[in-house]
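1. The following block contains a protein sequence and its predicted model.
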Amino acid sequence: ASTTVTGVVALATNTSALAGAETTTVLSPAAYSSTKIAFRANKGGVAQTGIVSGSYTTIPFSTEVFDIGGFYNTTTSLWTPPAGPVEMGGQIWWTLNAATTGNTTFTIKVVKNGTTDVVAGIGMADQGYPGTAVAKVDVSELADGTSSYGIQAWGTSTSGGSTLQIDGNASHTYFWGNKV
């Protein structure tokens, strides 16, 4: 059975007042935080320039939107969740410039411990936003409690440009994760 309460709720400090009654556990924000684990981080509005064409680059996400549980590190841009099933993903919004005219390919991948590819996705130019390309990836993983996860991106252009740029807009380029 459930009860919907509207208005003020009075909590009894005298437990005998609850004898024989149904009780509901209400989690405090601190208790909720200890049972849920999730984060979302972005580039804080700062574009990342100078990305070498044809080379995987680790993408920093130094602005936390939230970090429930405290498992995301803004200095390293790595998430080290506790053991168990997790979901994570990210999106890279490339800004097309003189270096990215012509046939351009973009990828994004989630990397475990800096070297092991967990999942990768390929990007494409967005028809609704000329001058941009988007690469997005999402994955479910069984975390071991000690491994760290981050985002790497790769882009190349046949136009001869040597450096690429990632948009820093918080709604365009981000990294997220949660414990299932």
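-> Structure received.
2. could you say which helix or strand contains I151?
-> strand 149-157 (DSSP states H and E).
3. where along this structure do the helices fall?
-> Taking DSSP state H as the test, the helices found in the chain are 29-35.
4. Give me the below-cutoff pLDDT ranges for it.
-> 1-34, 97-104, 124-130, 157-162 (pLDDT under 70).
5. what bridges to the residue nearest to T58 when sequence neighbours are not counted?
-> Nearest non-adjacent residue to T58, counting by CB to CB, 6 or more residues apart in numbering: Q152, 5.4 Å away. In this view, the C-beta of every residue, glycine as well, is placed from N, C-alpha and C. Bridge pairing for Q152 (DSSP bridges) gives the partners T58, K109.
6. Am I right that Q152 is in contact with K109?
-> Yes. If you go by CB atoms under 8 Å, Q152 and K109 touch, sitting 5.4 Å apart.
7. Now for the residue nearest to T58: which residues touch it?
-> Applying CB atoms under 8 Å, 6 or more residues apart in numbering to Q152 gives the contacts 56-59, 108-109, 111.
8. Could I get the full set of strands for this protein?
-> 38-42, 48-52, 57-58, 63-68, 72-73, 78-79, 84-95, 104-112, 116-122, 124-125, 132-143, 149-157, 163-166, 174-179 (DSSP state E).
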